[in-house]
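J.: let me see the structure of the following:
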Amino acid sequence: HQALVTAVDGLGNRTTLAIPVRIVSALAWIGPEGGRLEVTDPESRIFGAAWVIPAGALAEPTLLYTVDVHLPANPLGGFGDVHEVPAFPGWTRTGSAVSFEPPGVVFDLPTTIAVPFSLAQVAGLAIPASTAEVFRLHPVSRAFESWPTAAVDTANGLVRAPVSDLEIDGTIFAVHVQRV
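T.: Residues are numbered from 1 along each chain as shown. Sure thing, here's the model as predicted:
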C-alpha cells in the first residue's frame, strides 16, 4: 500500500510523494505471561491468522502484530518492485500471505503461528484441504520453501506451525496445497 502526499509551497510549486504504508491486521502487547494475537475481523483476507506465545517466551511486554502481505508484490525488494512470487513446485498457494512481526523479537520458548487458507479455493481446485502446509518465503532466494506443519484445521482453513525468534524475523508465511 502507498499513501500519496502532495505538498504545495507559497509559490505554487507542487510535489507528490508516495510513502509506503503497511497495514497491520492485528496487534497486541504480550508479556511474560504469554498470550494470543489473532486477526478477528471476518472481512480481513487473513481472518484467523494467529500467533500463540507461551508463558515464559518473552522477558518483557512486547508489541506484536500481523501484516497481510499482498503477493505478487515483491515483499522483500521494497514497495513498487512488483514481480510474481511463484508457488512451491508441485503446489498451489491458497489464500493470503501473512507476516508476523516485528523483526528482531527474541523468544525464550518456541511459539506457534496459525496461517489461514481459502477453503473455497481449495474446493474449487478439487484438492483435499488435508494436504495444506505452511511455506515460508525465503528472504534471500525469494522463493517459497516447505515449513514444518503441526496441524491442519480443515474446518476453519488454518494451518498451525511452530516457529522460533530466528525463524519469525519478519518472515512471510503462506499456505500451499499439493496438486494431485
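
J.: going by C-alpha atoms from here, please, whenever you check contacts or count neighbours.
T.: Fine.

J.: got the phi/psi numbers for residue 121?
T.: Main-chain dihedrals, residue 121, degrees, to the nearest 10: phi -60, psi -40.

J.: which strand or helix spans the closest residue to it other than its chain neighbours?
T.: Nearest non-adjacent residue to residue 121, counting by CA to CA, 6 or more residues apart in numbering: residue 94, 6.7 Å away. Assigned by DSSP states H and E, residue 94 belongs to strand 91-101.

J.: how about that strand as CSV, C-alpha atoms only?
T.: C-alpha atoms of strand 91-101 as CSV (Å, rounded to 0.1, in the frame of the first residue of the first chain):
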residue,chain,number,x,y,z
TRP,A,91,2.0,-27.0,-5.0
THR,A,92,-0.6,-24.2,-5.3
ARG,A,93,-0.6,-21.2,-3.0
THR,A,94,-4.0,-20.6,-1.4
GLY,A,95,-5.3,-17.6,0.5
SER,A,96,-3.1,-14.6,1.5
ALA,A,97,0.4,-14.4,2.9
VAL,A,98,1.0,-13.3,6.5
SER,A,99,4.0,-11.7,8.2
PHE,A,100,4.3,-12.0,12.0
GLU,A,101,6.3,-9.1,13.3
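
J.: can you give me the angle the first helix or strand past that strand going along the chain makes with strand 91-101?
T.: Following the chain from strand 91-101 toward its C-terminal end, the next helix or strand by DSSP H and E is strand 111-116. For strand 111-116 against strand 91-101, the angle by axes from the mean of the first three to the mean of the last three CA atoms, to 10 degrees is 130 degrees.

J.: which neighbours does strand 111-116 have in its sheet, and in what orientation?
T.: Applying DSSP bridges, strand 111-116 is found paired with strand 50-53 (antiparallel), strand 158-163 (antiparallel).

J.: can the ones you listed go into CSV with extra columns for mean pLDDT?
T.: Listed next are these as CSV, based on pLDDT from 0 to 100:
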stretch, mean pLDDT
strand 50-53, 95
strand 158-163, 92
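
J.: related to what we said a few turns ago, list the helices and strands the strand holding residue 94 packs on?
T.: For strand 91-101, the elements it packs on are strand 62-69, strand 111-116, helix 119-125, strand 172-178, judged by 3 or more CA pairs under 8 Å, 6 or more residues apart in numbering; DSSP states H and E.

J.: go again with 6 Å.
T.: strand 62-69, strand 172-178 (3 or more CA pairs under 6 Å, 6 or more residues apart in numbering; DSSP states H and E).
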